[in-house]
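>>> Need a 3D model of the sequence below.
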Amino acid sequence: MATPHKAPTAPAPALLHSKQSTTTTKEELSTRHYSDEVVTSHIYAKHRDDDTAKIDLHNYISVIESIITTADRITDTVHRGSEGRLVYSNDSLASAAVIEPPLCTLHRISSELSCKPPGIEKAHETTIEIFEILANYPWEAKAALTLLAFAADYGDLWHLYHYSQADPLAKSLAIIKKVATLKKHLDSLRYRQVLLNPKSLIQSCLQAIKYMNEIKEFAKYDVKELPELPAALRLIPLVTYWVIHTIVASKIELSTYLSETENQPQRYLNELSEKIGFVLAELEKHLDAIRLQFEEVDLYRWLVDHIEHYHTDITLVVPKLLSGKPETKPLIDGTTHREVSVHESLSGKYVILIISGLDITEDDIKAFHKIYEELKRDNRYEIVWIPIIPEPYQEEDRKRYEYLRSTMKWYSVEFTTKISGMRYIEEKWQLREDPLVVVLNPQSKVEFMNAIHLIRVWENEAFPFTLDRTQALLRRNWPESTLIKFTHQPRLQNWIARDKNILFYGGKDPLWIQQFEERAEILRSDPLIMDGGSFEIVRIGKDAIGQDDPALMARFWTTQWGYFVVKSQIKGSSASETTEDILRLISYQNEDGWVVLTVGTAPVLVGRGILILKLLEDFPKWKQNLRIKAFPDVFREYFNELAFSSHQCDRVILPGFSGWIPMIVNCPECPRFMETGISLKCCHGGAHM
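The predicted model follows:
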C-alpha cells in the first residue's frame, strides 16, 4: 500500500517559471513573483500533510458542486431577464450527500475571506492564514473546506435574492447583504471570469479539488504499480496553495461588487486564470498517465484471475488480452484474408498464441506451417499470431507486418502498436526477445508454456502440446532429437540401427576440423580399433553437397537451447545427466571444436575440442585398454583423466528466450552451481523487442 504522503525533501515539480525581484513595486507585483520555491518555503515552514482531522472529500465535493451549480442556475435566469422561481425536477440539483462540516472552522475561514483589500499580497497573506486554520487537515481537504466556506457565502447571497420577492425575511436579509448589487455585474466579463462560466476561477478550483481527490484515491495502491503517482502526489501541496489563493482572490472580487469599491487588478485576475489553467493541465497530465497505468493494473489482475484461477471462456480472455475490453477488432483469416470475429473463430477451440516481434525468423514460420498442417487434421485447434510492433512504428514496420501476415495461413491480429495485456504477457508469460508460443484450452487454462522450444526441437512431432507428449519425447536419447537432423550422412540411420560408435563433431575452426579428421582416420586404421572398436565420424553443419552451412548451424544451436529449456522446465532447474550434456555442448558453441560420442543414439560423452585432439594424440597411451574394455568406455575414461588434469569450467550466456528459463544451473564440468549475472539494457522508451 502507498505510504501517507509527506512533505517532499526537494521542491515540487515546477508549476511556475518565475523571476525574482527585490525592487518590484506594488503595482508591478504579480503571481510570477510567487515562485514554487517561495510558495513551498511558506507552506512547508509550518505545514505538513496532516490527517488528524479527516473529511469525506467525495461528499464535500458533491455538496460544493450542488451549491455552485444551483447558484449559477439562479444567476442565469436573472441574466436572461427572468425573475421567475427555479423549478426543481425530481433529479434535484440539491446534493444527496451527507456531510458534518466543522462549523466553527468554516466560520473562521469565512471571516478570513471577508473584507480584504484587493491585491496579490493580501491574498497570499490570507492564504497562509487559512493554512494555519486548517493545519490538521490533509492538503486537498484544506482546499475543499475553503471552497465550501466560499460556496456557503456565495450560495447564501443568491438564495436570498431568489426568495426575496416572496419572502419578507429573505428580502430583509438580501437588503442587508446588498445582494441586489450583484445583479449589476452579471453582464461583466470580470464576473464571468471569476464565477459564471464553466472555466471560471471558482469552477477551475472545484475541478482541481476533484483531480486531487482522484489522485488521493489512487494513493491506496502500490506506487510500484502506478509509477506516475508519486509525481502527482508531490504536486498536491502546491496545487492546494494556488486553489486557496484563487478562492481568496475570487472572494475579494465578489466583495468589491457588494461594497462597490475598487476591483482587483485585471492583470492579476488574468494571471490567476492562466495559473489555475496551468495547474489543471498539470494535474490532467499526471492523471491521464495514472489512469492508463491503473487500467493496466486492473486488466493485469483480471487476466491473472481468469487465466490462472477462475478459468474463463477463451472468447472472453483473448479480447481482454488484446484490447483490454470484452470485444476487440476482428482477426484476419490467413486462408481467406477476410475478417472474422474472435467468437466466430475461436469459440470452443484450443488456441495456440504465437506472440512475436516483427523479427520472427523464417525458420520459425516454416516450423509453424508444419504445425498448422498437423492441426488441419484436428479442428479443435486454432493458431493466432499476435505481433508486437514498436511504437512509434515506421512505415517499414507496416510493410514487414504485411509481408509476414501474407506468409501465414492461420489467424492474425490486425496491425496495432498496443497490446493491452502486455504487462501480463511480459510478467506472467515472460515474453522477451524470442517468440512466445502459449497453448490455451477453450477455458483459457494454459496447457503448455512455452511451446516454441518443443516446436524447434520436434516440430510437428510435438503436437499436441501436452505434458504427457513432452515427457514421451524426452524419453528418447537427446542426440536423436538434437543431432541427427543436422547432418546429411546417408548411412547414419543404418549405423544407429546397428548401435555403432559415432563421433559427431563440429566447431568454429577449420584447422581443428582438419586435425580431428586426420587423427580420427589414423585411429580408425589401427588394428585394435578395427578389431571390434570401430567408430564412425559424422560432421554436423554441412549441407547436402558437403558445404559448410551457417544457417544449418544456427538452427542446430537453437535446437540445443530448446532441448535444454524444455528439459529444465519439465524436470526442474536442478541439473540432470541430460541437461549437463546439453549444457556442456552449448558452452562449446564458440569453441574451435567439440565432439559428442554416442553408441547408436545413446550419449556417452560431450568433449571440448582441445581435449579431444589431445586424447587422439595420446592414443598409444590408452589403446591397450581396448583389449579388455569396449571403445566407448576406454574413450570416456581417458577423456575424464584429461579433463580432471586440465579442469576448465564453462561460461554460458542465456539468450533472451521467452518463457521460463532456469536461473539455477549446475556447471556441466563440476558439481557447483554456475554464477548468474545481470545484464541491463535501456532502449530509451522504445520497444523491448
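
>>> does residue 596 count as helix, strand or coil?
Look at residue 596: counting by DSSP: H, G, I helix; E, B strand; the rest coil, its state is strand.

>>> Run through the bridge partners of the nearest residue in space to it that is not next to it in sequence.
Nearest residue to residue 596 in three dimensions, chain neighbours excluded: residue 504, at 4.4 Å (Cβ to Cβ, 6 or more residues apart in numbering). All C-beta atoms are positioned from the backbone trio N, CA, C, and that covers glycine. Applying DSSP bridges to residue 504 gives these bridge partners: residue 538, residue 596.

>>> In the stretch 451-600 of the chain, where is pLDDT below threshold?
Within the stretch 451-600 of the chain, the stretches falling below the threshold (pLDDT under 70) are 531-533, 571-578.

>>> so how far is residue 605 from residue 519?
17 Å (Cβ to Cβ, to the nearest Å).

>>> whoops, I mixed them up, residue 514
Distance from residue 514 to residue 605, counting by Cβ to Cβ: 22 Å.

>>> Give the burial count for residue 54, as a bare number.
The number of residues packed near residue 54 is 11, by other Cβ atoms under 10 Å.

>>> Roughly how far does residue 274 sit from residue 206?
Applying Cβ to Cβ, the value for residue 274 to residue 206 is 18 Å.

>>> Looking only at neighbour counts, state which of those two leads.
Neighbour count, other Cβ under 10 Å: between residue 274 and residue 206, residue 206 has more, with 22 against 12.

>>> is it true that that one touches residue 65?
Yes: contact criterion Cβ atoms under 8 Å: residue 206 and residue 65 qualify, at 6.3 Å.

>>> Which of the three states applies to residue 603?
Note that with three-state DSSP, the state of residue 603 is strand.

>>> Can you name the residues that contact it?
By Cβ atoms under 8 Å, 6 or more residues apart in numbering, the residues touching residue 603 are 477, 478, 479, 578, 581, 596, 597.

>>> hmm, 7 Å instead?
By Cβ atoms under 7 Å, 6 or more residues apart in numbering, residue 603 lies in contact with 477, 478, 479, 581, 596.

>>> Kindly state the beta-bridge partners for it.
Beta-bridge partners recorded for residue 603 (DSSP bridges): residue 598.

>>> And the closest residue to residue 179 other than its chain neighbours, what's its pLDDT?
Excluding the flanking residues, the one nearest residue 179 by Cβ to Cβ, 6+ apart is residue 161, at 4.5 Å. At residue 161, the pLDDT value in this model is 73.

>>> Is it correct that residue 353 is in contact with residue 384?
Yes: using Cβ atoms under 7 Å, residue 353 makes contact with residue 384 at a distance of 5.6 Å.

>>> Tell me, how many residues neighbour residue 551?
Number of residues near residue 551 (other Cβ under 10 Å) recorded here: 12.

>>> Can you tell me, leaving aside adjacent residues, what's nearest to it?
residue 363 (8.0 Å).

>>> Likewise for residue 318?
Leaving aside its sequence neighbours, residue 318 sits nearest to residue 342 (Cβ to Cβ, 6+ apart; 5.4 Å).

>>> which ones are touching the one you found?
315, 318, 319, 328, 331.

>>> nearest to residue 430, of those?
residue 318 (19.2 Å; Cβ to Cβ).

>>> helix, strand or coil for the closest one?
Three-state assignment for residue 318 (three-state DSSP): helix.

>>> quick one: it from residue 194, how far?
Going from residue 318 to residue 194 by Cβ to Cβ gives 53 Å.

>>> that older thread, what is the three-state secondary structure of the residue nearest to residue 179?
State at residue 161, reduced to three classes by three-state DSSP: helix.

>>> Most remote residue from the middle of the chain, which is it?
Each residue of the chain has a distance to the centre, and by Cα atoms, centre = their mean the biggest one is for residue 527: 66.7 Å.

>>> list the contacts for it?
Residue 527 neighbours (Cβ under 7 Å, 6+ apart): none.

>>> buried sites along stretch 609-624?
Across stretch 609-624, burial judged by 16 or more other Cβ atoms under 10 Å covers 609, 610, 611, 612, 613, 614, 615, 616, 619, 622, 623.

>>> Grab the nearest non-local neighbour of the fourth one.
Spatial nearest neighbour of residue 612, chain neighbours left out: residue 595 (4.6 Å); criterion: Cβ to Cβ, 6+ apart.

>>> Number of residues surrounding the one you found?
Neighbourhood size, residue 595 [other Cβ under 10 Å]: 27.

>>> Equivalent analysis for residue 280, please.
Counted with other Cβ under 10 Å, residues neighbouring residue 280 total 18.

>>> Next, the buried residues of stretch 392-412.
So, applying 16+ other Cβ under 10 Å, buried residues of stretch 392-412: 393, 397, 400, 401, 404, 405, 408, 409, 410, 411, 412.

>>> The closest residue to residue 621 other than its chain neighbours: helix or strand, and which one exactly?
Of all residues not flanking residue 621 in the chain, residue 638 sits nearest, at 7.4 Å (Cβ to Cβ, 6+ apart). Here residue 638, judged by DSSP states H and E, is contained in helix 631-645.

>>> how big is the angle separating that helix from strand 594-599?
Interaxial angle of helix 631-645 relative to strand 594-599 (axes from the mean of the first three to the mean of the last three Cα atoms, to 10 degrees): 150 degrees.

>>> that older thread, so the residue nearest to residue 596 touches residue 483, yeah?
Yes: applying Cβ under 7 Å, one finds residue 504 in contact with residue 483, separated by 5.3 Å.

>>> shared neighbours, these two?
540, 596.

>>> Strands of the stretch 501-650 of the chain, residue ranges please.
Under the criterion DSSP state E, counting those that start in this stretch, the stretch 501-650 of the chain contains strands at 501-506, 535-539, 594-599, 602-608.

>>> If you count neighbours, what's buried in the longest one?
Applying a neighbour-count criterion of 16+ other Cβ under 10 Å, one finds 603, 604, 605, 606, 607, 608 buried in strand 602-608.

>>> One more: stretch 235-253?
Buried residues in stretch 235-253, counted by 16+ other Cβ under 10 Å: 235-253.

>>> how far does stretch 196-204 sit from the chain's center?
A distance of 37 Å separates the centroid of the chain from that of stretch 196-204, by Cα atoms, centre = their mean, to the nearest Å.
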